[in-house]
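Enquirer: after the sequence you'll find the predicted model.
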Amino acid sequence: MNGGNWPSRWALRTPSSTPWRSVPTTNWTYDELRGLKNYLESDGLDFSVLEGSVPLTDRIRLGLDGRDEDIAEFKRFLRDCGDLGIPVVCYDWMGGVRWARTEAHNAVRGGSLVTGYDNAKMQGGPPIPASEKSHEDVFEALAYFLKEAVPVAEEAGVKLGLHPDDPPRESVRGVPRVANSVENYDRILEIYDSEHNGVTFCQGNFTAMGVDVPEAIRHFDEKINFVHFRDVEGDADEFVETWHDNGPTDMHSAMEAFVDIGFDGPMRPDHVPTMAGEDNSNPGYHTKGRLFAIGYMRGLLDSVE
């Protein structure tokens, strides 16, 4: 298990929500990727995954005019990652509405703060253009993308990991979502059967789906290319983040499942509580909770091994 590759600031993320637009979130140049790789390696770190900030647009996600041009840019990006030895790219298929949270100040153990989601608080406002699409439209757009991108990922030696919809609902503000169940993931993985078409196993989202997390880990097995090791209390309609040792999931059994399937890819804590002395300016991503989570994960791994 690649325990040395967890510092989240290098698993680059986009904001929790973005406006309707057709331009890429981040158009990495080769030199920018090279510069970041050099910077990491100068501190003895491996550039093991690029997450969130990838050149994937809503024109691609929703099957809109201009997607072929944008897919060509994504292919160029994959070839650059392969040339630089970046082995994993994490992406999502949340068009129109991205990662969604409605609270950032839920008080939990010791007065620490965590983020939460309440679907009732997401209602209202003007219609979102992406809501005009159907679930099958979104799925077909994903299938079109995978058939174009996965062969290039194979040639480049880069594994793709699809992050679950967050929250993993059928829709958010009317925008359909498809990466929201084990069954849908199976359908997605069957589109192009390759180790380069894989899963970002975000435990919090799979918990919100209501699945048995260790069982799901064993189900996906070698198709898991990246892991977010975290937990939530609740379901896809309403949940809060938890401390890694204080949620409903048997985290020891989850770590045991990763060891059993021989997972050796990058893993990180993802969302953590904000603790005393931290200003909560970047909810879920401050330092103290992350240090606790990494120590807890190391302890679990040592106890299993």
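Expert: Nice, thanks for sending it over.

Enquirer: for stretch 224-242, buried residues please.
Expert: Across stretch 224-242, burial judged by 16 or more other CB atoms under 10 Å covers 224-236, 238-242. Where C-beta positions appear, they are placed from N, C-alpha and C, glycine not excepted.

Enquirer: find the nearest non-adjacent residue to Ile71, please.
Expert: Glu148 (5.2 Å; CB to CB, 6 or more residues apart in numbering).

Enquirer: what residues sit buried inside the helix or strand hosting the one you found?
Expert: If you go by DSSP states H and E, Glu148 is part of helix 135-156. Using 16+ other CB under 10 Å as the burial criterion, the residues of helix 135-156 that qualify are 137-139, 141-146, 148-150, 152-154, 156.

Enquirer: which of those residues sit farthest apart?
Expert: Asp137 and Ala156 (28.5 Å; CB to CB).

Enquirer: which pLDDT value belongs to Tyr39?
Expert: We note a pLDDT of 96 for Tyr39 in this prediction.

Enquirer: what's the helix or strand containing it packed up against?
Expert: Assigned by DSSP H and E, Tyr39 belongs to helix 30-42. Applying 3 or more CB pairs under 8 Å, 6 or more residues apart in numbering; DSSP states H and E, one finds that helix 30-42 contacts helix 67-84.

Enquirer: for the helix it packs on, give the mean pLDDT please.
Expert: pLDDT averaged over helix 67-84 gives 98.

Enquirer: ok now that helix, how far from the chain's centre?
Expert: Relative to its chain's centre, helix 67-84 lies at 19 Å (CA atoms, centre = their mean, to the nearest Å).

Enquirer: please apply the same query to stretch 248-262.
Expert: For stretch 248-262, the distance to the chain centre is 18 Å (CA atoms, centre = their mean).

Enquirer: stretch 59-74 too?
Expert: With CA atoms, centre = their mean, you get 20 Å for stretch 59-74.

Enquirer: using PDB, write out every CA atom in the helix holding Glu148.
Expert: Taking C-alpha atoms only, helix 135-156 is exported to PDB below (Å, rounded to 0.1, in the frame of the first residue of the first chain):
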ATOM      1  CA  HIS A 135     -29.800   9.800 -16.900                       C
ATOM      2  CA  GLU A 136     -29.300   7.900 -20.200                       C
ATOM      3  CA  ASP A 137     -27.900  11.000 -21.900                       C
ATOM      4  CA  VAL A 138     -25.300  11.400 -19.100                       C
ATOM      5  CA  PHE A 139     -24.500   7.700 -19.200                       C
ATOM      6  CA  GLU A 140     -24.100   7.700 -23.000                       C
ATOM      7  CA  ALA A 141     -21.800  10.800 -22.800                       C
ATOM      8  CA  LEU A 142     -19.600   8.900 -20.300                       C
ATOM      9  CA  ALA A 143     -19.500   5.800 -22.500                       C
ATOM     10  CA  TYR A 144     -18.500   8.000 -25.500                       C
ATOM     11  CA  PHE A 145     -15.700   9.500 -23.400                       C
ATOM     12  CA  LEU A 146     -14.400   6.200 -22.100                       C
ATOM     13  CA  LYS A 147     -14.200   4.600 -25.600                       C
ATOM     14  CA  GLU A 148     -12.100   7.600 -26.700                       C
ATOM     15  CA  ALA A 149     -10.000   8.100 -23.600                       C
ATOM     16  CA  VAL A 150      -9.200   4.700 -22.200                       C
ATOM     17  CA  PRO A 151      -7.200   3.400 -25.200                       C
ATOM     18  CA  VAL A 152      -5.000   6.500 -24.900                       C
ATOM     19  CA  ALA A 153      -4.700   6.000 -21.100                       C
ATOM     20  CA  GLU A 154      -3.600   2.400 -21.800                       C
ATOM     21  CA  GLU A 155      -0.900   3.600 -24.300                       C
ATOM     22  CA  ALA A 156       0.200   6.200 -21.800                       C
END
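
Enquirer: surely Glu155 touches Gly82?
Expert: Yes: using CB atoms under 8 Å, Glu155 is in contact with Gly82, at 7.3 Å.

Enquirer: what touches both of those two?
Expert: Residues touching both Glu155 and Gly82 by CB atoms under 8 Å, 6 or more residues apart in numbering: none at all.
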